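whatever this is, show me its structure:
(chains A and B)
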Amino acid sequence: GAGVSQSPRYKVAKRGQDVALRCDPISGHVSLFWYQQALGQGPEFLTYFQNEAQLDKSGLPSDRFFAERPEGSVSTLKIQRTQQEDSAVYLCASSHVRGTGNEQYFGPGTRLTVT
Amino acid sequence: SQQGEEDPQALSIQEGENATMNCSYKTSINNLQWYRQNSGRGLVHLILIRSNEREKHSGRLRVTLDTSKKSSSLLITASRAADTASYFCATDSGAGSYQLTFGKGTKLSVIP
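Now for the predicted structure:
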């Protein structure tokens, strides 16, 4: 079946612009995670949804970052007033179980470049 | 912040050789997972080992976990060129946390 998809795959934004990144998880997956991956580093946790509830947003780096999953399926990560340090790959992952006790299925990521 | 530290940072071997990567972490865990990432792609789950397990096998992969030393190793036997990728360990600390904490990864190159 279809895996996790993300769009756009690449996004170039001028500093100060707002961006919205979309994640389509695997159908029926309860858990959805967002990660930020800087070049040469491992992914860093941003936020977690269980269905439509955002249960953990402790990894969001600033109040410019906002995520939602209103109907418990598709999720959007929004970054307001982008800064150069926001340049990274943003990964979305989903899992059919609650929490982190099982494998996560990752999308291909959105590479954000802020100029 | 990243809890796991993979070692070595980079590894280059000939096809057919075995590759061993190590991961150390700092806090107690519920489980530890290994993921592979090909250049410019998303991560693919390889294997999960729970804190009460010591060793696990999956195909050409063998993972060990030593909770007393807070370390894990991933062994890939009879490596292939297609195994060229970055490998990450990720830990789940449980206790109501939803964070999967990744290390910085080991970049493996398998030379044909």
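
tell me where the model's unsure across the chain.
Going with chain A. Low-confidence segments of chain A (pLDDT under 70): A:1.

my bad, the chain I had in mind was chain B
Along chain B, segments meeting pLDDT under 70 span B:1-4, B:94-96.

strands of chain A, start to end?
For chain A, applying DSSP state E gives strands covering A:5-7, A:10-13, A:19-24, A:31-37, A:44-50, A:53-56, A:65-68, A:75-79, A:88-95, A:105-106, A:110-114.

turn these into CSV, columns for mean neighbour count and distance to chain B.
All C-beta spots, glycine's among them, are computed from the backbone N, C-alpha and C. Shown next, in CSV, are the strands of chain A (neighbours: other Cβ atoms under 10 Å in any protein chain shown; distance: least, Cβ to the nearest Cβ, whole Å):
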stretch, mean neighbour count, distance to chain B
strand A:5-7, 17, 8
strand A:10-13, 15, 11
strand A:19-24, 19, 11
strand A:31-37, 24, 7
strand A:44-50, 22, 4
strand A:53-56, 15, 4
strand A:65-68, 18, 13
strand A:75-79, 20, 14
strand A:88-95, 24, 6
strand A:105-106, 21, 4
strand A:110-114, 18, 8
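
which stretch among those strands comes nearest residue B:60?
strand A:105-106 (21.5 Å; Cβ to Cβ).

which residues touch the closest one?
Residues outside strand A:105-106 that contact it (Cβ atoms under 8 Å, 6 or more residues apart in numbering or on different chains) are A:3-4, A:25-26, A:29, A:91-95, B:35, B:42-45.

go again using 7 Å as the cut-off
A:3-4, A:26, A:91, A:93-95, B:42-43 (Cβ atoms under 7 Å, 6 or more residues apart in numbering or on different chains).

now swap in stretch B:82-96 and tell me
Residues contacting stretch B:82-96 (Cβ under 7 Å, 6+ apart): A:42, A:100-101, B:3-4, B:6, B:21, B:23, B:25, B:27-38, B:43, B:72, B:74, B:76, B:100-103, B:105-110.

turn the contacts of strand A:105-106 into JSON lines, columns for distance to residue A:62.
Formatted as JSON lines, those follow (distance: Cβ to Cβ, whole Å):
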{"residue": "A:3", "distance to residue A:62": "30"}
{"residue": "A:4", "distance to residue A:62": "25"}
{"residue": "A:26", "distance to residue A:62": "29"}
{"residue": "A:91", "distance to residue A:62": "19"}
{"residue": "A:93", "distance to residue A:62": "22"}
{"residue": "A:94", "distance to residue A:62": "25"}
{"residue": "A:95", "distance to residue A:62": "26"}
{"residue": "B:42", "distance to residue A:62": "25"}
{"residue": "B:43", "distance to residue A:62": "25"}
